[in-house]
Structures are given as structure tokens and as C-alpha cells.
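Colleague: requesting a structural model of the entry that follows:
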Amino acid sequence: MRWEYIVRELSVETAEKVLLLEDFLNVSGQDGWEIVGVASAPGSNFTHLVYLKRPRDAVKSAITALPEVL
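Modeller: Residues are numbered from 1 along each chain as shown. Below you'll find the predicted structure:
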């Protein structure tokens, strides 16, 4: 199977940011993306890199157009 990947830098510094992250993950999951890894961004206590993948033949959507940083 062939995969496509996206990486997003997400902040969880405030409760509002956590809710945005939850929304992002829910929308991503509905679109076929699944988390394959999470890492802390260098030099930041509240920013994480989220790695997602889905089958390459999945329908394209607006998820790849989301901002790089929430």
C-alpha cells in the first residue's frame, strides 16, 4: 500500500488550543488521516509535531489546506 503523510506543528499552550487540536484531529480522522507519531518541537514546552498518514488513493480534501500552526 502507498501512503501520503502530513506533519503539523500544533500548540497546546491553552485550553482553547487543546480544543482546536481535538477539532483538527476529529476532522482529520473523518478524512482518513491517522496519527502515526507525535514529538515535542525543539525548544518549546507546548508545541508538538503531529505526524499523520492515510492511503495515497484517499479522496483529497481541505485538511491539507489547514494552517501549519494552530
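Colleague: quick one: low-confidence parts of the protein?
Modeller: 58-70 (pLDDT under 70).
Colleague: for it, which segments are assigned as strands?
Modeller: Assigned by DSSP state E, the chain shows strands spanning 3-11, 34-40, 47-55.
Colleague: save these as TSV, and put in mean neighbour count and distance to residue 27 too.
Modeller: In short, each C-beta sits where N, CA and C put it, glycine included. Shown next, in TSV, are the strands of the chain (neighbours: other C-beta atoms under 10 Å; distance: least, C-beta to C-beta, whole Å):
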stretch	mean neighbour count	distance to residue 27
strand 3-11	15	12
strand 34-40	11	13
strand 47-55	17	11
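Colleague: make CSV from those strands and add distance to residue 21 to it.
Modeller: Putting the strands of the chain into CSV (distance: least, C-beta to C-beta, whole Å) gives the following:
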stretch, distance to residue 21
strand 3-11, 5
strand 34-40, 11
strand 47-55, 8
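Colleague: so which of those strands is nearest residue 20?
Modeller: strand 3-11 (8.0 Å; C-beta to C-beta).
Colleague: show me how far that closest one is from its chain's centre.
Modeller: 5 Å (C-alpha atoms, centre = their mean, to the nearest Å).
Colleague: what helices or strands is it leaning on?
Modeller: Strand 3-11 is packed against helix 15-30, strand 47-55, with contacts defined by 3 or more C-beta pairs under 8 Å, 6 or more residues apart in numbering; DSSP states H and E.
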